[in-house]
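> no letters, just coordinates:
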């Protein structure tokens, strides 16, 4: 079945440095890739998404890249700040279902002061 | 907060009891989803509705689980004869979907944390 793998599971970076989280997906027909941020005890919130017709999207300090051929996509956070500390989930929409989203297992990002 | 709401936020029950959770989506959203999230994992899809119709159910959803959305607004998720393995956070999400605009962002509720003793 559809699967999304996410790496690393934990990531610690110095404040001001960049963080990169990588994901791969199995369903080649997936066409929508959202990224969610979940702070401790709170609900997941969408931070950025990308559709399969583009290769890169940027929103201030956050960018996402997509390589459809290799079936992988990445989240890049530049100039990290303490409030970036959270668990980040990548996800892919399975083409077999118009709405079902398959989530990765998450990356716990910690920003060191 | 005028987003998705869920009730209760926490539920502790004994094994074998039945529990019911409620989700109130964003009012103009026609799609409603249920997910389950265990510690250290991403949300796992359980089921979703478009208006009052339940369009898809995950194989994770055993026959002890049932979900309804009778009037196309709020939804309930019932777990019968709870087991310790049912302990998890149950998340609800909603989105709007119209053929012209296509798929739209899913907004999550705060979740109901279930603990089965």
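Cool, got the structure. The model shown is predicted, which means the values in this text are computed figures rather than measured ones.
> what about the chain, any weak spots by pLDDT?
Using chain A here. Of all residues in chain A, those with pLDDT under 70 make up the ranges A:1, A:94-99.
> let's do chain B instead
Filtered on pLDDT under 70, chain B yields the residue ranges B:1, B:98-104.
> near chain A, which residues of it?
Residues of chain B that fall close to chain A, judged by CB under 8 Å from any CB of the partner chain: B:4, B:31, B:33, B:40-45, B:48, B:55-56, B:58, B:91, B:95, B:97, B:103, B:105-111. From N, CA and C alone the C-beta is placed, and that goes for glycine too.
> of the residues you listed, buried ones?
Those of the residues of chain B next to chain A that meet the buried threshold are B:4, B:31, B:33, B:42-45, B:48, B:56, B:58, B:91, B:95, B:103, B:106-111, by 16 or more other CB atoms under 10 Å in any protein chain shown.
> in chain B, what residue comes closest to chain A?
Proximity of chain B to chain A (CB to the nearest CB) peaks at residue B:42, 3.1 Å away.
> to what extent is the residue lying closest to that residue once chain neighbours are set aside buried, counted in neighbours?
The spatial neighbour of residue B:42 that comes closest, neighbours along the chain excluded (CB to CB, 6 or more residues apart in numbering or on different chains), is residue A:103 at 3.1 Å. For residue A:103, the count of nearby residues is 22 (other CB atoms under 10 Å in any protein chain shown).
> I'd say residue A:103 and residue A:89 touch.
Yes - between residue A:103 and residue A:89 there is a contact at 5.1 Å, judged by CB atoms under 8 Å.
> residues shared between the contacts of these two?
A:36, B:42, B:43 (CB atoms under 8 Å, 6 or more residues apart in numbering or on different chains).
> OK, contacts around the last one?
So the one you mean is residue B:43. A:44, A:89, A:103, B:35, B:36, B:37, B:91, B:108.
> now, these that are in strands?
Cross-referencing these with the strands (criterion: DSSP state E) gives A:89, A:103, B:35, B:36, B:37, B:91, B:108 as the overlap.
> any chance of those in a markdown table, plus distance to residue B:12?
Compiled in a markdown table, these are given as follows (distance: CB to CB, whole Å):
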| residue | distance to residue B:12 |
| --- | --- |
| A:89 | 27 |
| A:103 | 26 |
| B:35 | 21 |
| B:36 | 17 |
| B:37 | 17 |
| B:91 | 18 |
| B:108 | 22 |
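> out of those residues, which comes closest to residue A:28?
Relative to residue A:28, the closest of the ones in strands among the contacts of residue B:43 is residue A:103; by CB to CB it sits at 18.3 Å.
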